[in-house]
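Novice: using only what follows, build the 3D model:
(2 chains)
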Amino acid sequence: MFKFFDPNKIFSITSRAPKYVLILFVVVLTIGLIESLILSPEDYKQGHSARIMYVHVPAAWISLGIFSTITFLSIFGYIFKIRNFFLISKSLAPSGFVFNLIALVTGSIWGKPTWGTWWAWDARITSMLILALFYLLYLLAWRIYQDKDQVYKITSIITILGIINVPIIKYSVDWWNTLHQPASINILSKSSIHSSMLFPLIIMTAAFALFSLLIFLMKYNTELIKIKNKGLDRL
Amino acid sequence: MINQILLMNGYGLYVWSAFIFTLLSFTLLYAVTKIQYSKERKKFIAKFGNLNPKRASFAKSQSTIKEILSNTSNI
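Specialist: Take a look at the predicted model:
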């Protein structure tokens, strides 16, 4: 089954896919921007400032999703010795980190009109900052360590430690009294967000997911070419 | 109408700066990734050009190398 993950076999797909993903991303993002900035209604409490949600929430979701995926791939890659899983994780990390930064910065911008401050050492915000530090450590580890076995081990440890923070981020608003509002969207129960605001949020999430896929594909192709470059050096 | 979209009852500065920051981050990440990709591909093509014909034909028989050398990976 793991032969399916052979980089040589999937390169023909990953090398062709980015241009189609880019086109799809531009289309979905354009629809999302029109929906979120023009067509969606303003919030009855927060007014137009609630529109920041359309970039803040998808960015936070995707950064959490990417970190969880990286952890899963790193653990399985380490147990089953699948090098390609580490390559996929490494290619996913930059977009995860950028989405984490977007969530922090847009959250801070949203905080000013809502709470009257740019920053608060609130449980949700602080735990998101800690996640950004784990992303940074992960990316730095790939730059610092040249030995493959060592870098696989260290990045796996970083992700295992970092994943402990993910449920803390998720439940921080329930466990502690925070400035940050509780979740408005629940998969298992009824969401408290109106469909006129949920629709642009879904579209923007799709656009952000497509962007992370685009960056992943480009990074993954770059990593494969780097490996081939080393192979040519040995010829 | 346009004024309403731009000013958003006084929240325009916050909303627009959040969206502009997001889009700038996207552009920057895309540009950096694209530059890294192009640099590696150029390096690969240069190295491939320096191979002697026998080694080049051996390397070219590998499917991944064929893909890198083709233009399909350009976006």
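
Novice: only C-alpha atoms for contact and neighbour calcs from this point on.
Specialist: Will do.

Novice: quick check: longest helix in chain B by residues?
Specialist: helix B:12-49 (DSSP state H).

Novice: count the residues that sit near residue 17.
Specialist: The chain I'm using is chain A. 18 (other Cα atoms under 10 Å in any protein chain shown).

Novice: should've been chain B
Specialist: B:Ser17: 15 neighbours (other Cα under 10 Å).

Novice: now the helix or strand where A:Tyr135 lies: buried residues?
Specialist: Using DSSP states H and E, A:Tyr135 sits within helix A:123-144. In terms of neighbour count (16 or more other Cα atoms under 10 Å in any protein chain shown), helix A:123-144 has its buried residues at A:123-132, A:134-135, A:137-139, A:141-142.

Novice: do the same with stretch A:23-42
Specialist: A:24-25, A:28-29, A:32-33, A:35-38, A:40-42.

Novice: possible to save these as CSV with secondary structure and pLDDT?
Specialist: Formatted as CSV, these follow (DSSP: H, G, I helix; E, B strand; the rest coil; pLDDT from 0 to 100):
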residue, secondary structure, pLDDT
A:Leu24, helix, 98
A:Phe25, helix, 98
A:Val28, helix, 98
A:Leu29, helix, 98
A:Gly32, helix, 97
A:Leu33, helix, 97
A:Glu35, helix, 95
A:Ser36, helix, 94
A:Leu37, helix, 94
A:Ile38, helix, 93
A:Ser40, coil, 90
A:Pro41, coil, 90
A:Glu42, coil, 86
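
Novice: which of the residues you listed lies closest to B:Thr33?
Specialist: Closest approach between those and B:Thr33, by Cα to Cα: A:Phe25, at 16.2 Å.

Novice: isn't that closest one right next to A:Phe211, touching?
Specialist: Yes. Between A:Phe25 and A:Phe211 there is a contact under Cα atoms under 8 Å: 6.2 Å.

Novice: I figured B:Thr22 was touching A:Ile102, is that so?
Specialist: Yes. Shown here, B:Thr22 and A:Ile102 form a contact pair, counting by Cα under 8 Å, at 6.1 Å.

Novice: would you check how far apart B:Ala18 and A:Ile66 are?
Specialist: Shown here: B:Ala18 relative to A:Ile66, a distance of 22 Å by Cα to Cα, to the nearest Å.

Novice: more neighbours, those two?
Specialist: A count of neighbours by other Cα under 10 Å puts B:Ala18 above the other of B:Ala18 and A:Ile66, at 27 against 22.

Novice: show me what from chain A comes close to chain B.
Specialist: A:8-9, A:11-12, A:15-16, A:18-19, A:37-38, A:48-49, A:51-52, A:55, A:95, A:98, A:102, A:105-106, A:109-110, A:113, A:211, A:215, A:218-219, A:221-222, A:225-226, A:228-229, A:232-233, A:235 (Cα under 8 Å from any Cα of the partner chain).

Novice: perfect, that will be all.
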